[in-house]
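In: fold the following for me, if possible:
(2 chains)
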Number of protein chains: 2
Amino acid sequence: MSRFRVAVHIVPRKGILDPQGKAVSDALHSLGFDGVTDTRIGRHIVLHIAAPDAKAADAQVREMCGKLLANPVTEDFEIATVEAA
Amino acid sequence: MSRFRVAVHIVPRKGILDPQGKAVSDALHSLGFDGVTDTRIGRHIVLHIAAPDAKAADAQVREMCGKLLANPVTEDFEIATVEAA
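Out: Just a heads-up that it's a prediction; the model follows:
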């Protein structure tokens, strides 16, 4: 077993309203950042896991996303990086 | 002015307790994912902004992180990507 550091992004699905992102866009406008047209806020999750190889680590984290980390109705996930740790 | 898509990660500072990450680690163990040793949960923010060039977009988002997006006492941020959009 080796150790891996896996980073995952969980983001609101396209077309689904993101009220937190809307609030941040509005706050940025109030602060004078007028160039901001859209803000989407998701989660950045970093997991340290033991797995035989990087492929297995990736598969394990996908399963975690399906079962716990992401809400399949409203969120999409992507494995951003899988690094030996 | 061009349009850029900037992705930022806001993560809890090293050494700062991350109760949400701890809760997710425990839940993953309950689901049988015993290989998980550590979980840290941060925010993944994607901003669409107008800026003269990529360097200016990066600088603008750094300023936003300092003023609003990150809590400088408990969080670190990193600009993950700056892409033309």
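In: how about the helices of chain A, start to end?
Out: Under the criterion DSSP state H, chain A contains helices at A:19-30, A:54-64.
In: for residue A:75, what are its contacts?
Out: A:10, A:11, A:12, A:13, A:42 (CB atoms under 8 Å, 6 or more residues apart in numbering or on different chains). In this view, the C-beta of every residue, glycine as well, is placed from N, C-alpha and C.
In: identify the residues contacting the residue nearest to the first one when sequence neighbours are not counted.
Out: Beyond its immediate neighbours in the sequence, the residue positioned closest to residue A:10 (CB to CB, 6 or more residues apart in numbering or on different chains) is residue A:43, lying 4.4 Å away. Under the criterion of CB under 8 Å, 6+ apart, the neighbours of residue A:43 are A:9, A:10, A:69, B:41, B:42, B:43, B:44.
In: let's see it at 7 Å
Out: A:10, B:41, B:43, B:44 (CB atoms under 7 Å, 6 or more residues apart in numbering or on different chains).
In: quick check, nearest of these to residue A:34?
Out: Nearest to residue A:34 among the contacts of residue A:43 is residue B:43, at 22.7 Å by CB to CB.
In: from residue A:46, how far off is the closest one?
Out: As judged by CB to CB, to the nearest Å, residue B:43 and residue A:46 stand 12 Å apart.
In: again, but for residue A:56
Out: From residue A:56 to residue A:46 the distance is 18 Å (CB to CB).
In: and these two? Which one has more around it.
Out: residue A:46 (21 against 17; other CB atoms under 10 Å in any protein chain shown).
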